[in-house]
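Sharing a model that was predicted from the sequence below.
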Amino acid sequence: MAVFEYRSGGGGVHIVAGAGGVEMVMLVRSQKEYFMDFIAREAKAQKLKLVINGSFVSLGKLMKLWTYGANTQPLDPSNSAPIGQVIQGGNLIAGDSSTGKFYMSQNNCGAEQFSAGLGNPNSNACAAMGGVAPILINGFPYGSKNLYKKGVPAGAQITGDVSKEYAPFLVQKSNAMFDAMQSGGSVKGKTAVGYSSSKKSTIIIVQENQSPGLDANDFRDVFASLSVDNAVFLDGSDSATLYYDGKFLVQPGENKNEYLTVAVGFR
Amino acid sequence: MSFQRRWLSMGLPLTLLVFLWVTMRTVSAYSTEAMTGFGFPLSWYATNEATSTAYTVAIFPLVFDLVVYIFSTILLQWLYADRLLIRLNFSSTASKGMSALLWFAACLSLLITTLILVPNIRIELMAVNTYFGNNATRSCSLALGLQPL
């Protein structure tokens, strides 16, 4: 049975480490209820120790106007579309293809092994989500800019695709979503999941929105210091949510609570 | 009606309406990543990749675009609309009615756009995004509809 350990990361940062057969469970809200109620209910029903917010979502213009205006009730989940595929038990349960973004996946249920990469997740995965932002992929760090070793020839690309001649010198790959996270600075909410294959440990870091904490580069450094080789950012800002051991340690914004649909549970 | 009064009663609301409903979509892309910005001639807003349903708005391009739209409609009014209105020979009541309608549509459009953009907004000064550099490909197309698209 998986064992989870919580520690505060200072400010609004919460770090949970899980080991001993951690299982990831993708949760998709299917009825009109607040995101937090949905999480609390699913956590009890599925015996989840920890639940965080999941995929990015898009919302129609009128629905956004309505939910940020007069509405205080939860939106029907059909109004909010997850970005990237959400897979549970080998079935696509929500979302759609997002080939230019990254995924986090647990391919075999119960076997504590997570993978991450570019494109859509394996359609047979036990639990997976696409449409997320990279932090570390197979040990390779991501950031706002491409960084190179000394001796790189002149003209290497600062962002985006790296030509073959410069690729051997690359030590950090740029990513637009990572850059957007970094641009938010150290007070924006962030949710990230990582896995260390050497320590067989799953690390979840959630930072409360508008509270002192870490920027995206700091998140990457923390994961790297914990020997994590695959880590991704999930939806950030006031989407950041952390439910741990029967309590909400980080709550989503009032409006996000009305329309977020995808959560990730761990047991 | 003087040029200035006609501009205030019809030209200005028309400028706002055109600014809010007709723009340019610019897709900046690398082989695996892309960003869509909106605005003409400069992109003044784009969806924010760091959080759901959020936007990044850049102040300088917003002001610059607005100035371009204002000067364009002043020029158009000077070139054509003045003559057209004289030819159509609107009565004072019809002119007032049309002006009121234009102002109502412009204010409503502006209100909706603001209400959609403002929650979860991130303000930049010079550009919505500096990530997509010179090595990115860019394609532009006409975009019609109430902003943000």
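That came in fine, so what should we check first? None of the values given here were measured: they were computed from a predicted structure. Residues are numbered from 1 along each chain as shown, chains lettered A, B, ... in the order given.

Chain neighbours aside, what residue packs nearest to the residue nearest the centre of chain A?
By Cα atoms, centre = their mean, chain A has its centre lying nearest to residue A:234, at 2.3 Å. Excluding its sequence neighbours, the residue lying closest to residue A:234 (Cβ to Cβ, 6 or more residues apart in numbering or on different chains) is residue A:191, at 4.4 Å. From N, CA and C alone the C-beta is placed, and that goes for glycine too.

Quick check: that neighbour vs residue A:102, distance?
Plainly put, residue A:191 is 14 Å away from residue A:102 if you go by Cβ to Cβ, to the nearest Å.

Show me what secondary structure element comes after the helix or strand where residue B:111 lies.
Secondary structure assignment for residue B:111, by DSSP states H and E: helix B:92-117. Downstream of helix B:92-117, the next assigned helix or strand under DSSP H and E is strand B:121-124.

Just list what that following strand packs against, helices and strands only.
Here strand B:121-124 is seen to pack against strand B:55-58 when contacts are counted using 3 or more Cβ pairs under 8 Å, 6 or more residues apart in numbering or on different chains; DSSP states H and E.

so what secondary structure elements neighbour the strand it packs on?
Other helices and strands packing on strand B:55-58, by 3+ Cβ pairs under 8 Å, 6+ apart, are strand B:45-47, strand B:121-124.

What strands line up against it, and which way round?
Paired strands of strand B:55-58, with direction, are strand B:45-47 (antiparallel), strand B:121-124 (parallel) (DSSP bridges).

most packed of the ones you listed?
A comparison of the strands paired with strand B:55-58 by mean neighbour count, using mean count of other Cβ atoms under 10 Å in any protein chain shown, puts strand B:45-47 on top with a mean of 23.

Bridged to residue B:56, which residues?
residue B:46, residue B:122.

Can you name the element that comes right after the longest strand anywhere in chain A?
Longest strand of chain A, by residue count under DSSP state E: strand A:127-137. Next in sequence after strand A:127-137, counting helices and strands by DSSP H and E, comes strand A:140-143.

Do that next one and chain B come into contact?
No: taking Cβ under 8 Å from any Cβ of the partner chain as the criterion, strand A:140-143 and chain B are apart, separated by no less than 11.1 Å.

Now that strand: buried residues?
A:141-143 (16 or more other Cβ atoms under 10 Å in any protein chain shown).

For that strand, output the C-alpha coordinates as PDB.
Output in PDB follows, covering the C-alpha atoms of strand A:140-143 (Å, rounded to 0.1, in the frame of the first residue of the first chain):
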ATOM      1  CA  PHE A 140      16.000  16.700 -19.500                       C
ATOM      2  CA  PRO A 141      15.200  20.100 -18.100                       C
ATOM      3  CA  TYR A 142      12.800  22.600 -19.700                       C
ATOM      4  CA  GLY A 143      12.700  26.300 -19.300                       C
END
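
Please pull up the helix or strand immediately following that strand.
strand A:147-148.

and that following strand, average pLDDT?
For strand A:147-148, the mean pLDDT works out to 97.

Chain B contacts on chain A?
A:56-59, A:61, A:64-65, A:68-69, A:83, A:99-100, A:118, A:133, A:144, A:157-161, A:174-177, A:179-181, A:183-184, A:188-189, A:233, A:235-239, A:255-256, A:260.

Separate out the buried members of the residues you listed.
Among the residues of chain A next to chain B, the ones that count as buried by 16+ other Cβ under 10 Å are A:56-57, A:59, A:64-65, A:68, A:83, A:100, A:133, A:144, A:157, A:159-161, A:174-177, A:179-181, A:183-184, A:188-189, A:233, A:235-239, A:255-256, A:260.

isn't residue A:27 right next to residue A:42, touching?
Yes: with contact defined as Cβ atoms under 8 Å, residue A:27 reaches residue A:42; the gap is 5.0 Å.

Spit out the residues that contact those two alike.
Residues touching both residue A:27 and residue A:42 (Cβ atoms under 8 Å, 6 or more residues apart in numbering or on different chains): A:51, A:263, A:265.

In strands only, show me those.
Short answer: those in strands (DSSP E) are A:51, A:263, A:265.

gap between the second one and residue B:51?
From residue A:263 across to residue B:51, the span is 16 Å (Cβ to Cβ).

which ones among the buried ones among the residues of chain A next to chain B are found in helices?
Counting by DSSP state H, these place A:64-65, A:176-177, A:179-181, A:183, A:256 in helices.

pLDDT score for the residue nearest to residue A:234?
Residue A:191 is given a pLDDT of 97.

Can you mark which positions in stretch A:45-58 are buried?
Per 16+ other Cβ under 10 Å, stretch A:45-58 contains these buried residues: A:48-57.

For residue A:169, state which of those residues is nearest.
Using Cβ to Cβ, residue A:56 is the member of those that sits closest to residue A:169, with 32.2 Å.

Where does pLDDT dip in the chain?
If you meant another chain, say so; for now it's chain A. A:110-112 (pLDDT under 70).

nope, chain B
B:1, B:81-90.

Start and end of stretch A:170-187, how far apart?
29 Å (Cα to Cα, to the nearest Å).

and it, how far out from the chain's middle?
14 Å (Cα atoms, centre = their mean, to the nearest Å).
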